[in-house]
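> sharing a model that was predicted from the sequence below.
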Amino acid sequence: MVDSKGTTYLALDVDLPVGDSLTLSAGAGRLRVPNFDGFSSTDWRLGASLRAGSLDWGLRATGSDADGLRWRARNGESTSGSARLAALVGWSFRAHGTIRRVKQARPPLVQPPKGRTGGRSGLRRAA
């Protein structure tokens, strides 16, 4: 069993809006396992997304230099030197109409001026 104490993952991601509807993105990350360099790896990402009406279209490329003998995808495939391309489509909606308050908020509790005594806490509702 590998002692993974002190393992770190450092990532840098950048999103660059181009106009109102296009966004370019890039990023890289480095996984460092100090007690076993065979598990350390670097990954990268490049992508673009375009908003057209209520649809978001995207294209993403990702890759890694992870050692395929040690790292496997969930389906059992080797990840050694792997690069993947994915197309994405998303849909978003916005609520229409006016949002109104259902119940009037209670006024906050306030502290009366000092000098008053009596067995109460002294807190009362603001007018």
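Received, thanks.
> CA atoms for contacts and neighbours, from now on please.
Fine.
> tabulate the CA atom coordinates of the helix or strand containing Thr62 in CSV.
Taking DSSP states H and E as the criterion, Thr62 maps to strand 55-64. What follows is strand 55-64, C-alpha atoms only, in CSV (Å, rounded to 0.1, in the frame of the first residue of the first chain):
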residue,chain,number,x,y,z
LEU,A,55,-28.9,26.1,-25.4
ASP,A,56,-25.2,25.8,-24.5
TRP,A,57,-22.9,24.0,-27.0
GLY,A,58,-19.5,22.9,-26.0
LEU,A,59,-16.5,21.0,-27.2
ARG,A,60,-13.8,19.8,-24.7
ALA,A,61,-10.5,18.0,-25.1
THR,A,62,-8.8,16.5,-22.1
GLY,A,63,-5.6,14.4,-21.6
SER,A,64,-3.2,13.1,-19.1
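> in that strand, which residues are buried?
By neighbour count with 16 or more other C-alpha atoms under 10 Å, strand 55-64 contains the buried residues Asp56, Gly58, Arg60, Thr62, Gly63, Ser64.
> could I get these as JSON lines with distance to Pro34 and pLDDT?
Converted to JSON lines, the buried residues of strand 55-64 look like this (distance: C-alpha to C-alpha, whole Å; pLDDT from 0 to 100):
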{"residue": "Asp56", "distance to Pro34": "40", "pLDDT": "91"}
{"residue": "Gly58", "distance to Pro34": "36", "pLDDT": "95"}
{"residue": "Arg60", "distance to Pro34": "30", "pLDDT": "94"}
{"residue": "Thr62", "distance to Pro34": "24", "pLDDT": "90"}
{"residue": "Gly63", "distance to Pro34": "22", "pLDDT": "87"}
{"residue": "Ser64", "distance to Pro34": "19", "pLDDT": "84"}
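> now, which of those sits nearest Phe36?
Using C-alpha to C-alpha, Ser64 comes nearest to Phe36 of these, at 17.7 Å.
> that closest one reaches Ser41, doesn't it?
Yes - under the criterion of C-alpha atoms under 8 Å, Ser64 makes contact with Ser41 at 7.1 Å.
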